[in-house]
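Enquirer: Take a look and give me a structure for this.
(one chain, ligands or ions: 1)
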Amino acid sequence: MDVVENFIDGKLAHASNDESHSIYNPATGEVIKEVYYANANEVEAAIQAAEKAFKTWKNVTPLKRARVLFKFKELLEKHSEELANIITSEHGKVLEDARGEILRAIELVEYMCGIPNLLKGNYSQNVGTGIDCYTIRQPLGVCVGITPFNYPVMISCWMFVSAIACGNTFVLKPSEKDPSAPILLAQLMQKAGLPNGVFNVVNGDKRVVEQLITHNEVKAVSCVGSSTVSEIVYKTAIEHGKRAHTFGSGKNHCVVMPNCEIDEAVKAVMGAAYGSAGERCMAVSVAVAVGDETADLMIKKIQEKIPNLKVGSGKESGMDMGPLISKEHWERVKSYIDLGVNEGAKLIIDGRDAKTHGQKQGFFMGPSLFDKVQPNMRIYQEEIFGPVLEIVRVKNLDEAIDLINQHTFGNGTAIFTNSGEAARRFADEVQVGMVGINVPTPVPVAYHAFGGWKRSLFGDIQMHGPESIMFYTKSKSITTHWPREAQDTKYHMPSQ
Ligand code: NAD
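Expert: Sure, this is the predicted structure:
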């Protein structure tokens, strides 16, 4: 049985622990690898390696750090098929989707290649007579990242590439469900010229996370996962004096206005709801239909299209949807569909008995569609994280905005409309971190901030773009005076 190693101080390191997790190919339901969790000494070794490397890496010029990133980008491109295959084997998403994830990671690397410019401080001359003031941004030290299963390459890169570009060193704890791709990323970073110890990967679960986020040498914690876990990680990290931002669950609403291009809206909503089997933090899970006519038309069009949606192994070309990540998750999604029926929502399309293209085993779930979902139902309030789309009917845009604003989560949202006025009002009033106007999955590009509001983000600073530079550095202002002549001692508050 293949084993997934840790990566500590520039080399693969075998975990000497018995605790492990089986990695499945979700398309076949078979165990393909085993990941052994790092024990306390191994986690300590990763932190110590990062701490030691920080002493020199922080002084490597931003230009030289950028050169490592340029090389890393080339290697990501060269190995993108290998990485995509690893993602599809362990996560299940279709290859095209895995390639898209890698492209999003590469875009972040490209942005961070501009680190010399991004780290430029500012300078004010003559803030007093003969006195200048300048502000610089300095790295924090050892940073850690905890990632979810659904983007093993993209979210890992968003964290460690940004932190390392800023002069920090990093310890990553990937999801135990699909940890192989991050290990290849660590090897590629090393091949790109990254010194030993700057980037380390340790495998594990809650125990490893706790050790990392409470360790004295760790200065900052980034985490992406369900809101329950993100909240625990955030609170523990800040109690231990760390800078932290942790990203949580979503329940993303897409408002469909009566005046929109309905065919475009239906195509977009279906792609955003069922793509990646709904296992995206930005997946659309609620379509808010404005008016009964809009709802009925949407349902009719979705029903017409569903038979053409292909569910099967992500490695087979032409598939739209792969399997869910695990048997447990399959059971969880199924239990939500059962619940929806019991709660009185109208199940129009039932994905529980998925018809797949040639796959007999595996964790496949077909697309489901609920109508007449009410805000007091648990299937509306909670994140399902599967291919389940819920239609909530409202009378007008105000009701749609109120509905979204009252939801616990505020990760992403979208509106489909032909009215500039409606779009502008929606963007202005909606209490959500990422908004799409006729764009169903508004994941911002690498040079804009990513992150939700409300229980979708704990902490103040979002991720990637300029926000990551802020998160992974602290600012220092230096006031300088080079007097021509010696001055008398002054005892009052300096004012220039
Ligand atoms: P998860 O919360 O189960 O696990 C996330 C990470 O936390 C994993 O590395 C896991 O090992 C670790 N972990 C699990 N339990 C822990 C505990 N008690 N204490 C400390 N660490 C713990 O999430 P998942 O199932 O891997 O990923 C899916 C979730 O992630 C969904 O809720 C999804 O919405 C969310 N997500 C959010 C974003 C975002 O940007 N907001 C992006 C991607 C995924």
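Enquirer: count of neighbours near the residue of the stretch 151-300 of the chain found nearest the ligand?
Expert: At 2.7 Å from the ligand, residue 225 is the closest residue in the stretch 151-300 of the chain, using Cβ to the nearest ligand atom. Quick note: C-beta positions are derived from backbone N, CA and C, even for glycine. Residue 225: 23 surrounding residues under other Cβ atoms under 10 Å.
Enquirer: Now it. Nearest residue, chain neighbours left out?
Expert: Nearest non-adjacent residue to residue 225, counting by Cβ to Cβ, 6 or more residues apart in numbering: residue 148, 4.7 Å away.
Enquirer: That neighbour is in what secondary structure piece?
Expert: Using DSSP states H and E, residue 148 sits within no helix or strand.
Enquirer: Distance-wise, check it relative to residue 222.
Expert: Distance of residue 148 to residue 222, computed by Cβ to Cβ, to the nearest Å: 12 Å.
Enquirer: The two: who's more crowded?
Expert: Using other Cβ under 10 Å as the criterion, residue 148 and residue 222 rank with residue 222 on top: 30 against 24.
Enquirer: Does the more buried one touch residue 143 like I think?
Expert: Yes - shown here, residue 222 and residue 143 form a contact pair, counting by Cβ atoms under 8 Å, at 7.0 Å.
Enquirer: Show me whatever sits in contact with both of these two.
Expert: 159, 163 (Cβ atoms under 8 Å, 6 or more residues apart in numbering).
Enquirer: how about the residues of the stretch 1-150 of the chain near the ligand?
Expert: Counting by Cβ under 6 Å from any ligand atom, the residues of the stretch 1-150 of the chain lying close to the ligand are 146-150.
Enquirer: between these, which is nearest residue 74?
Expert: residue 147 (23.5 Å; Cβ to Cβ).
Enquirer: Might one say that that closest one is in contact with residue 155?
Expert: Yes - the pair residue 147 and residue 155 passes the contact test of Cβ under 8 Å, sitting 4.9 Å apart.
Enquirer: Return the per-residue confidence for residue 27.
Expert: pLDDT, residue 27: 96.
Enquirer: what sits against it?
Expert: Going by Cβ under 8 Å, 6+ apart, residue 27 touches 92, 312-315, 322-323, 359, 362, 364.
Enquirer: And the residue minimising distance to the centre of the chain, its phi and psi?
Expert: Closest residue to the average C-alpha location of the chain: residue 155 at 4.6 Å, with Cα atoms, centre = their mean. Main-chain torsions, residue 155, degrees, to the nearest 10: phi -70, psi -40.
Enquirer: beta partners of residue 132?
Expert: As for beta bridges, residue 132 partners with residue 480 under DSSP bridges.
Enquirer: pretty sure it is touching residue 479, no?
Expert: Yes - in this structure residue 132 lies within contact range of residue 479 using Cβ under 8 Å: 7.4 Å.
Enquirer: Show me how far stretch 421-434 is from its chain's centre.
Expert: Taking Cα atoms, centre = their mean, to the nearest Å, one finds stretch 421-434 lying 22 Å from the centre of the chain it belongs to.
Enquirer: That stretch and the ligand, are they touching?
Expert: No - applying Cβ under 6 Å from any ligand atom, one finds stretch 421-434 out of contact with the ligand, separated by at least 8.7 Å.
Enquirer: Would you mark the buried spots in that stretch?
Expert: 422-423, 426, 430, 432-434 (16 or more other Cβ atoms under 10 Å).
Enquirer: Any chance of those in JSON lines with secondary structure as columns?
Expert: Formatted as JSON lines, the buried residues of stretch 421-434 follow (DSSP: H, G, I helix; E, B strand; the rest coil):
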{"residue": "422", "secondary structure": "helix"}
{"residue": "423", "secondary structure": "helix"}
{"residue": "426", "secondary structure": "helix"}
{"residue": "430", "secondary structure": "coil"}
{"residue": "432", "secondary structure": "coil"}
{"residue": "433", "secondary structure": "coil"}
{"residue": "434", "secondary structure": "strand"}
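Enquirer: list the contacts for the residue of the stretch 151-300 of the chain closest to the ligand?
Expert: Contacts of residue 225 by Cβ under 8 Å, 6+ apart are 146-148, 233, 246-248.
Enquirer: Then residue 399?
Expert: Counted by Cβ under 8 Å, 6+ apart, residue 399 has contacts residue 290.
Enquirer: Quick check: buried residues in the strand or helix carrying it?
Expert: Assigned by DSSP H and E, residue 399 falls within helix 397-406. Neighbour-count burial for helix 397-406, counted by 16+ other Cβ under 10 Å, picks out 397, 400-401, 403-404.
Enquirer: Likewise for stretch 121-141?
Expert: Result for stretch 121-141 [16+ other Cβ under 10 Å]: buried residues 131, 133, 137, 139-141.
Enquirer: Check stretch 201-215 too.
Expert: Under 16+ other Cβ under 10 Å, the buried positions of stretch 201-215 are 201-204, 208-209, 211-213, 215.
Enquirer: at contact distance from the ligand, anything in that stretch?
Expert: Yes - interface with the ligand: stretch 201-215 contributes 205-206, 209 (Cβ under 6 Å from any ligand atom).
Enquirer: what does the average pLDDT come to for that stretch?
Expert: Mean predicted confidence for stretch 201-215 is 98.
Enquirer: Quick one: end-to-end distance for it.
Expert: 16 Å (Cα to Cα, to the nearest Å).
Enquirer: Tell me the spacing between the closest residue to residue 233 other than its chain neighbours and residue 145.
Expert: Leaving aside its chain neighbours, residue 233 sits nearest to residue 223 (4.4 Å; criterion: Cβ to Cβ, 6+ apart). Residue 223 is 7 Å from residue 145, where distance means Cβ to Cβ.
Enquirer: From residue 236, how far off is the residue of the stretch 151-300 of the chain closest to the ligand?
Expert: 13 Å.
Enquirer: ok, now residue 63?
Expert: 37 Å.
Enquirer: thinking again about what came up before, so the residue nearest to residue 233 versus residue 276, what's the distance?
Expert: On the measure of Cβ to Cβ, residue 223 and residue 276 end up 21 Å apart.
Enquirer: And these two? Which one has more around it.
Expert: Neighbour count, other Cβ under 10 Å: between residue 223 and residue 276, residue 223 has more, with 29 against 26.
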